[in-house]
Structures are given as structure tokens and as C-alpha cells.
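In: compute the structure for the input listed below.
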Amino acid sequence: MKTAMQRFVCVLLAVMALSASCTSVSVSEIRASMPDISEKPDSVYRGSYTISGIPVMKVTVDVTVKSQNIAAVNIIEHTGSPKGKRVENGIIERIIEKQSLDIDAVSGATASSKAILKAVESALQ
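Out: This next block holds a predicted model:
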């Protein structure tokens, strides 16, 4: 019994030490910036972004570049909430319309919005 308790305490201390050493970024601090695509050849580029937390959210996108413009963004994977998934099309439409990642996040789906923007940024880098 004592050995099991000692193991439990050791594991608990290890988990606490690991979590204390991890740096977390608040979703409000996540910013996407538009890479220069003026020299990017026409093609489809894949990018992804993961937001650590409870739960972990991952977004993977394919971005189509044609004539140095974003022609399409396709969500390949999005592990966000149902509300976050509902805003996908609106975010994508604004990215294509503005040809920019300087877009406000959708209220109530901030993490999903920012993860999509960062995944697009990753694809275009």
C-alpha cells in the first residue's frame, strides 16, 4: 500500500513539474500575419495549427494559391467545437475576399477562428 502511494505521489509531482514548465498562450494573444505570397507559385499548400488546452484543438487546411492570390481554403481537419465548425465558411470567405489574415475572430468561436487563421498562415509560409 505504501509503495502504491509513493508511486502516486511521484507521478503527481512529475505531472505538476511538467505542467509548470509549459508555457501557455492565451487565445486572445494569438495573432496571424499574412506571409508575402507575391512570389509563391500556383499550387495547393497545407498548413496546420494546434491550440493546447482542454480540449486540444487542431486545424489543418489546404490553401490554393493562383496568380499570387488565395483562391481557396479547404478545412481538412478541425477538432473544435460545433460552433467553431459552423464559422469555418465565414472565416474562409473573409480571408479570400480581403486576401488577408487580418480578420476579426467570430465571437463565441474565437479559438476556432484564430486556429484557422494560423493554419492558413502556416500553409503560406
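In: neighbouring contacts of stretch 75-89?
Out: 46, 48, 55-62, 92, 106, 108-109, 111-113, 115-116 (Cβ atoms under 8 Å, 6 or more residues apart in numbering). Glycine gets a C-beta too; all of them are placed from N, C-alpha and C.
In: what distance separates the start and the end of that stretch?
Out: 9 Å (Cα to Cα, to the nearest Å).
In: how about that stretch: buried residues?
Out: 75, 78-80, 84, 87-88 (16 or more other Cβ atoms under 10 Å).
In: C-terminal to the worst-scoring helix or strand of the chain on mean pLDDT, what's the next element?
Out: Sorting the helices and strands of the chain by mean pLDDT, DSSP states H and E puts helix 2-21 at the bottom, at a mean of 54. For helix 2-21, the following helix or strand on the C-terminal side (DSSP states H and E) is strand 43-51.
In: counting neighbours, what do you get for Ile95?
Out: Around Ile95 there are 23 other residues, counting by other Cβ atoms under 10 Å.
In: between the buried residues of stretch 75-89, which is closest to Ala123?
Out: Among those, Ile75 lies closest to Ala123 (Cβ to Cβ), at 11.5 Å.
In: from Glu29, how far out is that closest one?
Out: According to Cβ to Cβ, to the nearest Å, Ile75 and Glu29 sit 23 Å apart.
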